[in-house]
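1. What shape does this take:
(chains A and B)
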Amino acid sequence: MSEFLIRNAYVIDPLSGIKGEIMDIAIRNGRIAEEVGSNAEVIDADHCLTLPGGIDSHSHVCGTKVNFGRYMSPEDMRAGRTARKGVMHVTSGYSVPTTFGNSYRYSVMGYTTVLEGAMAPLEARHTHEEFTATPHQDMLANTLFDGNWSIMEAVREKDMKRAAAVVAWTLSAVKGFAIKLTNPGGTEAWGWGEDVHSIQDQVPHFGVTPAEIIQTMIRANELLNLPHSVHLHCNALGVPGNYRTTLDTIDLVPDLNDKRQSLYLTHLQFHSYGGSTWKDISSKSEDIARAVNNKPAVAIDMGQIMFGRTTTMTADGPMEFKLYMLHHNKWSNHDVELETGSGIIPVYYSRKSLVNCVMWAIGIELALLVKDPWRCMLSTDNPNGAPFVKYPEIIALLMSRRFRENEIALLDPRTAHYVPLPAIDRELDWYDIAVMTRAGQAKALGITGIGKGYLAPGAEADIAIYPLKPESLDPSAEYQQVMAGFGKTRYTIKRGRVVARDGDVVVEGANSTIWTRSTVPPGYDLSVDPEFMKKFEQYYTIRMSNYPVQDVYLPRGICIPTEASL
Amino acid sequence: MRVILRTKPRKKPFIPIEAETIIPQNFLRKNDVRVYEGNKERRLEEIFYITTEGPAVSPDQVEIVLSGETGNIKRVGEYMNAGRIVVEGDIGMHCGNFMSAGEIVIKGNADAWLGREMRGGTIRCEGNAGHYCAAGYRGEKRGMRGGLVEVMGSAGDFTAEYLCGGEVRIHGDCGDLPGVEMRGGNLTIGGHCHRPCGNMTGGTCMVFGRVHDMLPTFRGAGNEEREYRGQRCQMMLYKGDAANRGKGSLLVKNIEQDGLSPKKK
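-> Numbering: from 1, shown residues only, chains lettered A, B, ... in the order given. Below you'll find the predicted structure:
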């Protein structure tokens, strides 16, 4: 029986309503306990900032497209090499590191749970294998349904229950966690060399619109009572003037769930552009933030970009083709039969590029203008906006106006004409940051029920102790310390075990994969539905019996069961 | 300063040695130079008999001589930026990766990836070179960017792939697909080769032997006279690769179409 006692911790635990108190935390058998015996091992936190383990609600760290990013970029692999050290494996890579590289770097930053933003169902086995090799974080996989033929047929027939049945079968077959829609309809259109430009465009050969797909999926998601809402990457990503599409999408959202949002809009920075061409791109973060503030049924994440080299990868194939036409460098395009696709290109975000400066400002503006931190998560859409190792810098930017001013001074001087950022005074406090990096995510993903994101007795003992003393540190002035502190925990504790100390990972990890299974009434069980089986055998290149991911791929799976109200 | 490294007999001579540390700038001071034998880190003395002659005050004055069983030593001269390396026998893969200045002379044969993505300097190989001589690595869009690679013998497949600057001279034959994806620089092939310059967008390739299976996506653009080793040759000039809207020049002396499958040497 392992017991720990963390003494003198400066705790911020938003889900339990603790806003900075000095307290002790007792841990027994991987869970937070009321108290422990006198033999418990004691960690003296010395008034350092102690938070629940970090949760990243949108990141691309595992799966086939991440892997393609690795092997298309030998220069990236050379960029971040670390040697073997203690229990740590050799790692390499900067924007798309090896799985161990991802795991160690997250762990050192205090992150204990990561959601892979897009898993192609047909290629789920590979994603789960990489999850197993990302040993220090509990992993969740958003499953792509954006171009799923069965879904689009159900949408065309206006059969919401059928759509729910397809989701239920697919999620339990591929051990996915939630529904991800990436440019709904657009990836399917890209199979015909086309794209959809607004939510009212028709998807070729299916006669459905993105708006219909989104609305049906939001309702189907609630029929299944899934823990997370629909996770949406809007249409028209990265197109100047796309903020109208985003506003139209926010307008569609009904409020169906009183525990969490009904729609999660991811990397909204890429969807908040005004103007009509790259030459007059401007920030529409104010309009978007106002719409989000007025609509409690949506939650967003920032999708902040940071300057430097990175790799963009998304299931949004047509968007990556447009980027390729800008850069003419490497490009990968991938089609997953009947389901989705993807594209990957390496990029460099430069302070000399006005477009990049505007993008940089928009992400920060969204985080500052959305009033409720519970509905705006901190993310870079790793690695699309920047590798996640830049999170501490983003936290510092949000907490310090002075830091922002210093950074703005380095940008293209025209930037100020296109963005409202220089006029925004708000500085986030420690509580806001705690919400935006863990509590908000736990609530939005609906994983508080399994003990994630808080530190009350009964919760999973995932804890991050940062070498920051909020009682004496002024983040507005001493932003460098904030950055350094959030970059390297003193202790990262995962399920009651110290996994990282002062920048080094100290144990071999053993993570879990969290997935959902919805029990549906017999009439909606597609594994015995003759029509579905016939179509599957007709159109897929693999047999339906070979499609589900076997349990052996999830050595420590945690299933969240739900009862569908069909 | 002259550093002579003669290989010691090894128990397992087939285990390759990763020797990216063998570059002149590392020998200027009495640095502790280490190499890997398989996954074991070794001090240089464990692998070589070392003799040092004379002084040096800058890396330019350092010459490293490698002799003995050197065919299994990889990555010699990686990121080298000054000085000279002489290899008395054969050398392993990745010799002269990313080198930016200095000179490497190989008296024997070189294995694959000789001078990969090099930026400058000179590599002369008196024997044959393996596949991917002076090429870019898999996934890299820009291969060799400057300098000179000269091979007196033959080279393998994918010679000068992704070449975008500098000069490559192969005096013997090349294998399949030399100069593919070329976007700059000069490639000269003294002997025969198969299917040169697919997808090229820039640069100049000259083949003074016979081209087997010329790709159909090159447009004829007249004749030109070029000189090779003191002889003036009448060459046919082609522009391409039209499949990639390329503006490269391919000059060939003879063409022979003998079916699509390249003959293996």
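
2. Quick one: low-confidence residue ranges for chain B.
-> Within chain B, the segments meeting pLDDT under 70 span B:258-265.

3. Which parts of it belong to which domain?
-> As given by automatic domain parsing, the domain ranges for chain B are B:1-86+B:100-108, B:116-265.

4. what does chain A put close to chain B?
-> Residues of chain A found near chain B (C-beta under 8 Å from any C-beta of the partner chain) are A:71-75, A:329-330. For glycine as for every other residue, the C-beta is placed from the backbone atoms N, C-alpha and C.

5. Need the max-distance pair from these.
-> Taking every pair in the residues of chain A next to chain B and measuring C-beta to C-beta, the maximum separation is 15.4 Å, between A:71 and A:329.

6. check contacts around residue B:172.
-> The contact partners of residue B:172, taken as C-beta atoms under 8 Å, 6 or more residues apart in numbering or on different chains, are B:128, B:151-155, B:190-191.

7. Look up the closest residue to it, ignoring the ones flanking it.
-> residue B:154 (3.5 Å; C-beta to C-beta, 6 or more residues apart in numbering or on different chains).

8. Tell me the spacing between the residue nearest the centre of chain A and chain B.
-> Centroid-nearest residue in chain A, with C-alpha atoms, centre = their mean: residue A:58, separated by 0.6 Å. Counting by C-beta to the nearest C-beta, to the nearest Å, the gap between residue A:58 and chain B amounts to 26 Å.

9. What values do phi and psi take at that residue?
-> Per-residue torsions, residue A:58: phi -160, psi 110 (degrees, to the nearest 10).

10. Flag every residue of the stretch 51-200 of chain B that's near chain A.
-> Selection of the stretch 51-200 of chain B residues close to chain A by C-beta under 8 Å from any C-beta yields B:137-141.

11. from the residues you listed, which would you call buried?
-> B:137, B:139-141 (16 or more other C-beta atoms under 10 Å in any protein chain shown).

12. Just say helix, strand or coil for residue A:485.
-> Three states are possible here, and by DSSP: H, G, I helix; E, B strand; the rest coil the one that applies to residue A:485 is helix.

13. which residues touch it?
-> Residue A:485 sits next to A:49, A:392, A:466-468 when contact means C-beta under 8 Å, 6+ apart.

14. Enumerate the beta-bridge partners assigned to the closest residue to residue A:493 other than its chain neighbours.
-> If the residues on either side of it in the chain are set aside, residue A:493 comes closest to residue A:463, at 4.2 Å by C-beta to C-beta, 6+ apart. Partner residues in beta bridges with residue A:463, using DSSP bridges, are residue A:52, residue A:493.

15. who's the closest residue to residue A:268 other than its chain neighbours bridged to?
-> Leaving aside its sequence neighbours, residue A:268 sits nearest to residue A:300 (C-beta to C-beta, 6+ apart; 4.5 Å). Beta bridges link residue A:300 to residue A:265, residue A:376 when assigned by DSSP bridges.

16. Pretty sure residue A:300 sits against residue A:375.
-> Yes. With the criterion set as C-beta atoms under 8 Å, residue A:300 and residue A:375 qualify as a contacting pair; they are 6.5 Å apart.

17. So the residue nearest to residue A:268 versus chain B, what's the distance?
-> For residue A:300 relative to chain B (C-beta to the nearest C-beta), the value is 34 Å.

18. Dump the domains of chain B into CSV; add distance to residue A:317 as well.
-> Formatted as CSV, the entries for the domains of chain B read as follows, by distance: least, C-beta to C-beta, whole Å:
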stretch, distance to residue A:317
domain B:1-86+B:100-108, 37
domain B:116-265, 20
